[in-house]
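Colleague: Got a sequence here, can you build the structure:
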Amino acid sequence: MRRRSIYGVGLCTLTLLAGCGLPVPHVPVPVRPHGGRTFYLSPDGDDGDDGRAPQTAWRTLRRADAVRLQPGDRLLLKGGTRFPGTLSIGPGDAGNARKPVVIGSYGKGRAMIAAAGTRGIGVYNTSGIVIRDLIVAGNAASYRSQDGIGFVTDLPGKRTLPYLRVKGVDVSGFRNGIRLHGGGKGSGFRDVVIDACAVHGNKDAGLVSDGPVFDAHAPGYAHERVTVSGVVAFRNDGDPEAAGHNTGSGIVLGSVRQGVVEGSDAHDNGASSSPQAVEGPEGIWTYDSTRIVLQRNVAHDNHSGSRVDGGGFDLGNNVSHSLMQYNLSYGNDGAGFLAFSAVPNKAHTDNAIRYNIGRDNARKLPDYGGIVVVGSRIGNLAIYQNTVLTRANGSVRAPALRLRTHLAAVSVRNNLFVTDGSPVVAAQGAFGTSEVVMQGNDYHSPEGPGLQWGERRYSDLAAWRKETGQEMQGARATGTGADPCLAEVRHRADGPDPRGSGPARGVPASRCAGALAGAAVDLRTVGVDPGPVDYLGTPLTGSPGLGAVPVAPRA
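Modeller: Prediction:
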């Protein structure tokens with residue numbers, strides 16, 4: 001897992017998705033046989049039979065575990081029934097990506113594997129495996145120390161094992177719901193898809209991948225081409241006794257080269273994480289990874305038991321060439337969207353945060369905000385076309401944008417920053433334009449822009465421009481403090497939403513195009529790719545305006 005300093009840190013309130021707390025509905029996954037054998041398990045079976053037909057099914061997981069599963073074999077458990085025990089798949093099993101071993105259910109509904117102090121399914125030093133249409137549940141002992149579905153390799157050298165699929169699976173009651181672990185000197189897994197799963201009620205994390213300690217001088221990644229889609233991660237509460245590391249996250253990609261998390265929902269995680277923790281949980285985040293895309297996800301109502309983290313989305317330590325886009329974050333204890341580094345290297349670089357919507361984040365922790373950039377030597381970070389709204393929660397008043405120390409080449413352009421009071425922006429340092437450049441943003445609150453810039457506080461945008469050189473493009477003044485007149489607009493039926501479950505009601509878009517006219521910058525003139533579509537999936541032509549939905553659709 002990542003290491004942080006003490007300063008580390010849903011579509012439901014905006015779009016009010018009905019039923020966001022429900023697991024992913026079960027849809028059976030079709031299986032194409034690859035010619036191997038098929039074995040059946042039923043509570044009515046007999047371990048003395050051959051297990052080759054429903055009528056001669058085995059009865060226990062122990063009997064099934066004794067069989068060496070060859071490429072193309074299937075092990076099917078009777079749907080709607082419960083099987084105590086565990087399954088272990090080792091180096092002599094499976095191993096062929098073209099003829100995967102399939103473990104799943106047959107008949108009506110999903111079978112349950114009920115583990116007692118063990119993993120539900122353990123896969124060690126092999127791959128070529130499909131796990132589908134199952135419920136995997138642990139007891140109190142499993143919750144303390146075991147993974148629900150654990151893929152582990154410690155092979156020597158930088159060897160990656162190909163082809164893992166987990167689909168239509170519900171995992172609860174373990175230390176980690178689903179874990180992908182690479183050990184040794186960089187061995188791991190590649191071509192991994194985890195789809196349409198629910199991971200909930202686990203202790204450390206719902207879904208997590210990890211690998212060896214990151215070396216900034218010779219970057220290596222345990223896993224390659226990992227796709228997480230349609231996953232719901234909720235009520236993974238964290239460990240109140242774990243003060244030395246983070247627990248209670250929803251979805252975490254660590255040590256991955258080329259990965260995607262999309263169409264997923266992380267909510268109500270982290271509530272029981274340690275009050276003494278020096279690093280906390282997040283809804284969806286990545287660390288020690290490169291070429292990661294977090295897109296079209298929702299993270300809401302995530303928590304932290306301590307004074308750190310508890311946010312929606314995070315590009316953490318040693319993340320490079322990665323993209324956070326088209327996500328919704330709201331109601332989290334910490335930051336809506338976070339870029340974080342606590343290590344004194346230059347590995348956190350060439351990332352972008354764009355076309356996201358955040359509302360009412362930093363509800364508990366005043367040191368955060370809607371978008372937060374914090375850490376050591378964060379460089380080449382582009383933040384553009386986001387819509388961020390924050391409002392006070394009792395005595396907690398967080399800015400829409402918070403910038404902390406040791407930043408280099410961070411650009412903030414064409415964002416809508418709206419608060420119900422000052423400050424709109426809080427910058428710990430009086431950053432020069434070589435460190436942070438601000439162009440084309442709207443800074444709006446009823447009290448005026450409210451710009452905290454190092455030791456100075458500006459209530460006038462023109463004075464800030466003159467003294468800092470910010471919000472200038474050559475001789476042209478950019479940016480505004482105008483009221484964007486935000487109103488909720490319906491999603492396009494063919495856009496990327498709705499995400500999660502239930503009907504989407506709307507997202508905020510400006511109805512005051514005239515007031516914002518001339519404030520934006522043409523991203524292409526400053527070497528920034530504006531992207532193909534906005535948050536709603538509307539194709540972009542020419543230069544976008546401001547925010548994640550630059551032009552409000554007609555009613």
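
Colleague: Apart from its neighbours in sequence, what residue is nearest D237?
Modeller: Leaving aside its chain neighbours, D237 sits nearest to S272 (3.9 Å; criterion: CB to CB, 6 or more residues apart in numbering). For every residue, glycine as well, the C-beta is placed using N, CA and C.

Colleague: and that neighbour, what pLDDT?
Modeller: Listed pLDDT for S272 reads 94.

Colleague: swap in H245?
Modeller: So H245 comes in at 88 (pLDDT).

Colleague: Tell me the secondary structure at it.
Modeller: Recorded secondary structure, H245: coil (DSSP: H, G, I helix; E, B strand; the rest coil).

Colleague: these two touch, right, it and Q276?
Modeller: No: under the criterion of CB atoms under 8 Å, H245 is not in contact with Q276, lying 11.5 Å apart.

Colleague: Near G474, how many other residues are there?
Modeller: Counted with other CB atoms under 10 Å, residues neighbouring G474 total 7.

Colleague: Distance of it relative to T525?
Modeller: G474 is 10 Å from T525, where distance means CB to CB, to the nearest Å.

Colleague: Please apply the same query to T126.
Modeller: For T126, the distance to T525 equals 52 Å [CB to CB].

Colleague: Between those two, which is the more surrounded one?
Modeller: T126 (21 against 10).

Colleague: Tell me, what's the model's pLDDT at that one?
Modeller: T126 is given a pLDDT of 98.

Colleague: quick one: which helix or strand includes it?
Modeller: Of the helices and strands defined by DSSP states H and E, none includes T126.

Colleague: cool, and R63?
Modeller: Here R63, judged by DSSP H and E, is contained in helix 61-65.

Colleague: which helices and strands does that helix pack with?
Modeller: strand 38-41, strand 87-89 (3 or more CB pairs under 8 Å, 6 or more residues apart in numbering; DSSP states H and E).

Colleague: can you tell me which of those comes nearest to A513?
Modeller: strand 87-89 (58.0 Å; CB to CB).

Colleague: just to revisit the earlier point, could you check which of H245 and Q276 is surrounded by more residues?
Modeller: Neighbours per residue (other CB under 10 Å) separate H245 from Q276, with H245 holding more: 16 against 13.

Colleague: Show me where the stretch 101-250 of the chain has its helices.
Modeller: 140-145 (DSSP state H, counting those that start in this stretch).

Colleague: Over to the stretch 351-500 of the chain?
Modeller: Remark: helices assigned in the stretch 351-500 of the chain by DSSP H, counting those that start in this stretch are 461-468.

Colleague: what's around the closest residue to P544 other than its chain neighbours, how many residues?
Modeller: Using CB to CB, 6+ apart and skipping the chain neighbours, the partner closest in space to P544 is P550 (4.3 Å). By other CB under 10 Å, the residues close to P550 number 24.

Colleague: now P550: how far from L416?
Modeller: Between P550 and L416 the distance is 9 Å, computed by CB to CB.

Colleague: Show the contacting residues for S459.
Modeller: S459 makes contact with S422, E447, G448, P449, G450, L451, according to CB atoms under 8 Å, 6 or more residues apart in numbering.

Colleague: And the pLDDT for the residue lying closest to P539 once chain neighbours are set aside?
Modeller: Closest residue to P539 apart from its sequence neighbours, by CB to CB, 6+ apart: V533 at 5.6 Å. Per-residue confidence (pLDDT) for V533: 94.

Colleague: Show the buried residues in the contacts of S459.
Modeller: For the contacts of S459, a neighbour count by 16 or more other CB atoms under 10 Å gives the buried set as S422, G448, P449, G450, L451.

Colleague: Can you tell me the centre-most residue of the protein?
Modeller: I284 (2.3 Å; CA atoms, centre = their mean).

Colleague: I'd say that residue and L315 touch.
Modeller: No: between I284 and L315 there is no contact under CB under 8 Å: 10.5 Å.

Colleague: Next up, the contacts around I284.
Modeller: Shown in contact with I284 (CB under 8 Å, 6+ apart): 233, 250-252, 261, 264, 266, 294, 297, 299, 312-314, 327.

Colleague: Could you do A335 as well?
Modeller: A335 touches V9, G311, G312, D314, N361, A362, Y368, G369, G370, I371, V372, R402, counting by CB under 8 Å, 6+ apart.

Colleague: Which of those ranks first by neighbour count?
Modeller: That'd be N361 among the contacts of A335, by other CB under 10 Å, with 36 neighbours.

Colleague: mind checking how far that one is from G331?
Modeller: Counting by CB to CB, the gap from N361 to G331 is 7 Å.

Colleague: returning to that earlier point: assumed the residue nearest to P544 was part of a helix.
Modeller: No: per three-state DSSP, P550 lies outside any helix segment and is coil.

Colleague: returning to that earlier point: same list (the helices and strands packed on helix 61-65) but as CSV, adding mean pLDDT, mean neighbour count and distance to S395.
Modeller: As requested, the helices and strands packed on helix 61-65 are arranged in CSV below (pLDDT from 0 to 100; neighbours: other CB atoms under 10 Å; distance: least, CB to CB, whole Å):
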stretch, mean pLDDT, mean neighbour count, distance to S395
strand 38-41, 98, 21, 57
strand 87-89, 98, 21, 51
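
Colleague: In JSON lines: the ones you listed, plus distance to G51.
Modeller: What follows is the helices and strands packed on helix 61-65, written out as JSON lines (distance: least, CB to CB, whole Å):
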{"stretch": "strand 38-41", "distance to G51": "4"}
{"stretch": "strand 87-89", "distance to G51": "14"}
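
Colleague: That'll do, ta.
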